[in-house]
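Undergrad: how does the following fold in three dimensions:
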Amino acid sequence: MSNSSSISHFLLLASADMRQLQLLHFCLFLGISLAALLGNGLIISAAACGHLLHTPMFFFLLNLALTDLGSICTTVPKAMHNSLWDSRTISYTGCAAQLFFYMFFMSAEYVLLTIMCYDRYVSICKPLHYGTLLGSRACAHMAAAA
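TA: Next up, the predicted model:
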């Protein structure tokens, strides 16, 4: 007989034991997530619909808004669910998936911010070569790499 154990759920520490504070926590996260969804949605719609905004900077800003939405949608809904339904567990696979996707979106944001810095560097230091260095194909490749 072997001595083994497996982890199926993690217990989360309660942020508050009072129901009013849990509802306040839910409303706070709901407000923050709706503000982030609205702000990123406005950036996405402006960059996608505005024909004057079809430049590399706004293309990367659109991708940054999309990755920000992805990172928000990985963690906040579970926190809102836990505070609304007074549950204090998360499955092992759910925690691993949240961690994977959150790290994926955060690393994509860092890479996109680095690419945006390169975009500004080229536009300031090499303005005559801007069109050749950052064409639409190069921007798409850099965004896909992110």
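
Undergrad: look at Pro56 and say how many residues are nearby.
TA: By the measure other C-beta atoms under 10 Å, the count of residues near Pro56 is 25. For every residue, glycine as well, the C-beta is placed using N, CA and C.

Undergrad: what does Phe105 give?
TA: As a measure of burial, Phe105 has 20 neighbours, counting by other C-beta under 10 Å.

Undergrad: that one touches Gly70, doesn't it?
TA: Yes. In this structure, Phe105 is within contact of Gly70 by C-beta atoms under 8 Å, at 4.4 Å.

Undergrad: so which bits of stretch 35-43 are buried?
TA: Buried residues in stretch 35-43, counting neighbours by 16 or more other C-beta atoms under 10 Å, are found at Ala36, Asn40, Ile43.

Undergrad: touching it from outside, list them.
TA: With contact meaning C-beta atoms under 8 Å, 6 or more residues apart in numbering, stretch 35-43 is reached by Leu61, Leu62, Ala65, Leu66, Asp68, Leu69, Ile72.

Undergrad: what helix or strand does the second one sit in?
TA: Of the helices and strands defined by DSSP states H and E, Leu62 is found in helix 56-85.

Undergrad: in space, what's closest to Phe29 - neighbours in sequence excluded?
TA: In space, and not counting its chain neighbours, Phe29 is closest to Met80: 5.0 Å by C-beta to C-beta, 6 or more residues apart in numbering.
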